[in-house]
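need a 3D model of the following:
(one chain, ligands or ions: 2)
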Amino acid sequence: MTEQQKLKWSPGKRDLLFLGIVAAVVLILVLGSSERKTKPVPNDETHRTVTSRDSCMVCHGSDGVSPQPKEHIKGGQCFQCHRQPKEWGKGK
Ligand code: HEC
Ligand code: HEC
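Numbers count the residues shown, from 1 in each chain. Ligands and ions are numbered 1, 2, ... in the order given. Below is the predicted model:
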């Protein structure tokens, strides 16, 4: 596209609506494909108060009450993928 063509093109309402929809779809796809697409950390008494990876692993290690799946990555920052509860850190 040349500079002149760009200047001549003046979008009508319909074009803008279309562009808006395209932008929204792209945004959804981008956000959806980023990290944190797995289950969030439950927003309950337990999960609001734990802050260290070690304490997560007391329950979610292989001997815990709710072990991670076998194929789960070892290590990593839990909250990088599992969104922390809304009220996180406020409890205690
Ligand atoms: C005192 C034990 C305990 C601790 C500590 C604990 N959890 Fe949990 N967690 C559980 C139990 C039990 C479940 C399953 C029942 C439920 O959904 O509440 C669970 C469920 C989960 C789930 C899955 C939710 C789902 O939808 O299936 C995630 C993710 C999770 N915990 C992450 C964490 C992270 C990250 C930490 C550390 C910040 C942590 N947990 C600390 C006991 C614990
Ligand atoms: C690189 C991303 C990533 C990191 C970091 C991560 N997890 Fe996960 N975790 C996942 C994925 C993906 C699943 C698969 C669960 C699903 O079906 O969404 C999962 C599943 C789980 C489950 C089982 C949930 C269920 O009930 O099916 C638990 C518990 C869990 N993770 C705990 C943890 C804890 C504790 C940490 C920190 C030590 C952690 N995760 C760090 C990606 C991650």
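
right, and Pro42 touches Pro85 too?
Yes. Counting by CB atoms under 8 Å, Pro42 touches Pro85, with 6.8 Å between them. The C-beta positions use only the backbone N, C-alpha and C, and glycine is treated the same way.

who's more crowded, those two?
Higher neighbour count among Pro42 and Pro85: Pro85, with 19 against 11, using other CB atoms under 10 Å.

using the three-state scheme, assign the nearest residue to that one once chain neighbours are set aside.
Using CB to CB, 6 or more residues apart in numbering and skipping residues adjacent in sequence, the residue nearest Pro85 is Asn43, 3.6 Å away. Per DSSP: H, G, I helix; E, B strand; the rest coil, the local secondary structure of Asn43 is coil.

now do Gly20
Under three-state DSSP, Gly20 comes out as helix.

one more: Arg83?
coil.

distance of the residue lying closest to it once chain neighbours are set aside from Gly75?
Spatially, and ignoring its direct neighbours in sequence, Arg83 is nearest to Pro40 (4.1 Å; CB to CB, 6+ apart). Between Pro40 and Gly75 the computed distance is 20 Å (CB to CB, to the nearest Å).

ligand 2 contacts on this structure?
38-39, 53, 56-57, 60, 66, 68-69, 72-73, 76-78, 80-82 (CB under 6 Å from any ligand atom).

ok, now with 8 Å
Residues of the chain lying close to ligand 2 (CB under 8 Å from any ligand atom) are 35, 37-39, 41, 53, 56-57, 59-60, 66-69, 72-73, 75-82.

which stretches of the chain form helices?
3-8, 13-33, 45-49, 53-60, 78-81 (DSSP state H).

can you give the distance of the shortest one from its chain's centre?
Relative to the centre of its chain, helix 78-81 is centred 9 Å away, using CA atoms, centre = their mean, to the nearest Å.

which ones are touching Pro67?
Counting by CB atoms under 8 Å, 6 or more residues apart in numbering, Pro67 touches 60-61.

nope, Cys59 is what I meant
46, 65-66.

and it, how far is that from Gly20?
On the measure of CB to CB, Cys59 and Gly20 end up 45 Å apart.
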